[in-house]
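Novice: After the sequence you'll find the predicted model.
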Amino acid sequence: MTMKNFTRMFTALLLIAPLSGCDGDDGGSETDDNSDSDAMTSDAGTTAGGETSGDGDGDGDGDGDGDGDGDGDGDGDGDGDLSFAADVYPIIAASCSCHVAGSSGGFAAPDAATAYGNLVGVAAAEAAALSRVAAGDPDNSYLWHKLNGTQADVGGSGAMMPLGGGALPAGDLATIENWILGGALE
């Protein structure tokens, strides 16, 4: 079982509390657990529902992400690399409405290009020794610490993000971590 598939299974088992924290934000978020049935896979790899891949997404490529490209990252491009615009910014847009709307100082994220430019390789104001995102290095990425509530451990301050909504779903955190580990590609 790949880490991505494990993360999806783990996420599907969790009950995620709605995210909230900004005036006018309804706090809702939607997640996709990519499970089509509870059928068991036989030795031949065919489920009771007729799938042949056995990964539960129904596209037959065996990677479990449902996009049919076989790379497992869910963006449909077949290269296996996560990108900010296709994979990470949609999480920010859905979960970090204060930053997207521009009402939160420090990190503006009204669109993918602006958000990327304000994150990758930019010094973290609250933790001078870190970058907001250090490509390839989540431990030296302040964003990673803010999302996990460990910002004080690295000399930072403020609240865990997203504000008031609890942690992001495990699958979203895994996507962000894997994007950083993969070089924080635009």
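Specialist: Right, received. Where do you want to start? Numbering: from 1, shown residues only.

Novice: low pLDDT regions in the chain?
Specialist: Applying pLDDT under 70 to the chain flags residues 1-79, 103-105.

Novice: Do you have the helices of it handy? List them.
Specialist: For the chain, the helices defined by DSSP state H occupy 3-13, 89-95, 97-100, 112-119, 142-148, 170-181.

Novice: Adding mean neighbour count as columns, could you present those helices in a markdown table?
Specialist: Every residue, glycine included, has its C-beta placed from N, CA and C. A markdown table is the format used below for the helices of the chain (neighbours: other Cβ atoms under 10 Å):
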| stretch | mean neighbour count |
| --- | --- |
| helix 3-13 | 16 |
| helix 89-95 | 19 |
| helix 97-100 | 22 |
| helix 112-119 | 18 |
| helix 142-148 | 23 |
| helix 170-181 | 20 |
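
Novice: Please produce CSV containing those helices, extended by distance to residue 126.
Specialist: What follows is the helices of the chain, written out as CSV (distance: least, Cβ to Cβ, whole Å):
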stretch, distance to residue 126
helix 3-13, 28
helix 89-95, 18
helix 97-100, 14
helix 112-119, 14
helix 142-148, 7
helix 170-181, 18
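
Novice: Of those, which is nearest residue 83?
Specialist: Ranking the helices of the chain by proximity to residue 83 (Cβ to Cβ) places helix 170-181 first, at 7.6 Å.
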